[in-house]
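K.L.:
coordinates for the following, if possible.
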Amino acid sequence: MTLQHRSHRWIGRVVEDTATGRTGILRAIAPDTDDSRPVAWLAPVGGGLEWTTAPSALANPAPITADTHPDTAC
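P.N.:
Numbers count the residues shown, from 1 in each chain. So this is what the prediction gives:
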């Protein structure tokens, strides 16, 4: 991993952000620019602005499919 990104088994999958009630694609676990603590970076499924949340707020990952399997996802 680069840029202090951390691995996470749900990256690339749709997850729930329990802090906001939103769902999005987990893009990365990495420090925010304002803080060295890692945060989860999520993107809306249909596109739009990313947001951050605490990694502990992630829940309910979508099942792995052929399109979302980490070994085949781009």
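K.L.:
roughly how far does the nearest residue to Val14 once chain neighbours are set aside sit from Glu16?
P.N.:
Leaving aside its chain neighbours, Val14 sits nearest to Ala62 (4.1 Å; criterion: C-beta to C-beta, 6 or more residues apart in numbering). Backbone N, C-alpha and C define where each C-beta goes, glycine included. Remark: distance between Ala62 and Glu16 (C-beta to C-beta, to the nearest Å) = 9 Å.
K.L.:
equivalent analysis for Ala28, please.
P.N.:
Taken as C-beta to C-beta, the span from Ala28 to Glu16 is 17 Å.
K.L.:
just checking, what's the longest strand in the chain?
P.N.:
Counting residues, the longest strand found in the chain (DSSP state E) is strand 22-31.
K.L.:
give the other helices and strands that that strand contacts.
P.N.:
strand 14-17, strand 38-43 (3 or more C-beta pairs under 8 Å, 6 or more residues apart in numbering; DSSP states H and E).
K.L.:
what residue lies at the spatial centre of this structure?
P.N.:
Against the mean C-alpha coordinate of the chain, by C-alpha atoms, centre = their mean, the closest residue is Leu26 at 1.8 Å.
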